[in-house]
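1. Pasted the sequence and its predicted model underneath.
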Amino acid sequence: MTTAFLLDTHVLLWLVSSPKRIPPATLALLHHPSNTLVVSSVVAMEMATKNRLGKMENANPLIDNWDSVMKRLGADETPLTRKQALTAGLLDWAHRDPFDRMLAAQAINLNISLVTKDVELHALDGLRVQW
C-alpha cells in the first residue's frame, strides 16, 4: 500500500541538504520505496520568496536545480487548487503564516499527512502530521 506525504518547506530543504536534521524514523519513512513524496508549488514559492529576502540563502542549489531534485527524489509536484486556497483562507485557526495555511489546506484536501517539525501545525484539528 502506497502512502503519500506532503513535505513542508524545511523538510524538503533538509532532505536535500541536511538529512541528519530529520529524525531517523521520519527519514526512513520518506525513503521507503512504497511511499510517495509530494511537493507543493507553495513550497517553491516560499523558498523563492525567502531566498529573495535573504532568509533562506541555502536554498539556492535546490531552486536552481528544482526539476532534477524532484526527479532524484521521485517526488510528485502538486499545484495549489482553488478549493485548497479557499480552505486555507477559511481555516478556523489563528496561525497567520500564509504558506503554512496553504500547506495545511492541501494536506487536508488531499487526505495525506504533512511532514513537518512545526509544532503549530501539529495543533491544527483535522490535519494529519508526521514527524
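-> Thanks, I have the structure now. Numbering: from 1, shown residues only.
2. give me the beta-bridge partners of the residue nearest to Phe5 when sequence neighbours are not counted?
-> Nearest residue to Phe5, sequence neighbours excluded (Cβ to Cβ, 6 or more residues apart in numbering): Val115, at 4.9 Å. From N, CA and C alone the C-beta is placed, and that goes for glycine too. With DSSP bridges applied, Val115 shows beta-bridge pairing to Leu7, Gln130.
3. count of residues packed around Val115?
-> Counted by other Cβ atoms under 10 Å, the residues lying close to Val115 total 23.
4. Find the residue ranges of this structure scoring beneath the pLDDT cut-off.
-> For the chain, not a single residue meets the criterion pLDDT under 70.
5. so what's the residue nearest to Phe5 up against?
-> By Cβ atoms under 8 Å, 6 or more residues apart in numbering, Val115 lies in contact with 5-8, 11, 26, 30, 129-131.
6. try 6 Å this time
-> When contacts are counted by Cβ atoms under 6 Å, 6 or more residues apart in numbering, Val115 is found next to 5, 7, 11, 130.
7. quick one: it from Leu12, how far?
-> For Val115, the distance to Leu12 (Cβ to Cβ, to the nearest Å) stands at 9 Å.
8. coming back round to it: how much space between the residue nearest to Phe5 and Trp131?
-> For Val115, the distance to Trp131 equals 6 Å [Cβ to Cβ].
9. One more: Leu86?
-> Distance of Leu86 to Trp131, given as Cβ to Cβ: 27 Å.
10. More neighbours: the two, which one.
-> Just comparing Leu86 and Trp131: by other Cβ under 10 Å the higher neighbour count belongs to Trp131, 18 against 12.
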